[in-house]
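**Student:** Got a predicted model here, sequence first, then my questions.
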Amino acid sequence: MFVQISVGAASNCVILASLLLSMSSNDKSFIVLYGSVMALEILMPGYLGSQLTYESEELVRSVYECDWIERPESFKRILKLLVERAKQPIILTTWYIVPLSLNTFISIMKTAYSSFTILRAVSTRNAEESS
């Protein structure tokens, strides 16, 4: 998963940079379509990781809202263990480095766009200097 996200992030940077090149509209439409698919490839694990984290955080609330008061003592002990474990939300990571979340997706896309704007500024400045 780490390799997939890394390749997807690098691909988005290269795709945005290739839009600076002069090419036909068919080529540009293909590049935009490919970039959208690569962004979707990064988005899906991030969305699902965020959803899992959210659901695991809601587990404590759900346990408290169940009808536990009239239950036997053994059931209450099990619920206590469940609540203690559920205090730590589940966070999916890749290689224990990058968390799979929507925040990660947004930061990857921001980085790709930032590199695109830097390349565009350098390209525009070089074109003005050569003119």
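**Tutor:** Happy to help now that I have it. Numbering: from 1, shown residues only.
**Student:** Would you map the strands across the chain?
**Tutor:** Here the chain has its strands, by DSSP state E, at 93-94, 98-99.
**Student:** And Gln4, how far from Gly46?
**Tutor:** 11 Å (CB to CB, to the nearest Å). Where C-beta positions appear, they are placed from N, C-alpha and C, glycine not excepted.
**Student:** what sits against the most centrally placed residue in the chain?
**Tutor:** With distances taken as CA atoms, centre = their mean, the chain has Phe105 as the residue nearest its mean C-alpha position (2.8 Å). Phe105 makes contacts with 42-43, 46-47, as judged by CB atoms under 8 Å, 6 or more residues apart in numbering.
**Student:** do that again at 6 Å, thanks
**Tutor:** Phe105 sits next to 42-43, 46 when contact means CB atoms under 6 Å, 6 or more residues apart in numbering.
**Student:** need those residues in JSON lines with neighbour count, distance to Asp27 and pLDDT, can you?
**Tutor:** Formatted as JSON lines, the contacts of Phe105 follow (neighbours: other CB atoms under 10 Å; distance: CB to CB, whole Å; pLDDT from 0 to 100):
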{"residue": "Ile42", "neighbour count": "23", "distance to Asp27": "23", "pLDDT": "93"}
{"residue": "Leu43", "neighbour count": "17", "distance to Asp27": "24", "pLDDT": "95"}
{"residue": "Gly46", "neighbour count": "22", "distance to Asp27": "29", "pLDDT": "95"}
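**Student:** quick one: which of the residues you listed sit in helices?
**Tutor:** 42-43, 46 (DSSP state H).
**Student:** Check which residues of the helix or strand bottoming out on mean pLDDT in the chain are buried.
**Tutor:** Within the chain, no helix or strand scores below helix 2-18, which has a mean of 88 by mean pLDDT, DSSP states H and E. By 16 or more other CB atoms under 10 Å, the buried positions in helix 2-18 come out as 5, 8-9, 11-13, 15-17.
**Student:** ok, and what's touching that helix?
**Tutor:** With contact meaning CB under 6 Å, 6+ apart, helix 2-18 is reached by 31, 35, 38, 41-42, 94-95, 108, 112, 115-116, 119.
**Student:** same thing with stretch 90-97?
**Tutor:** 1-2, 49, 52-53, 56, 99-100.
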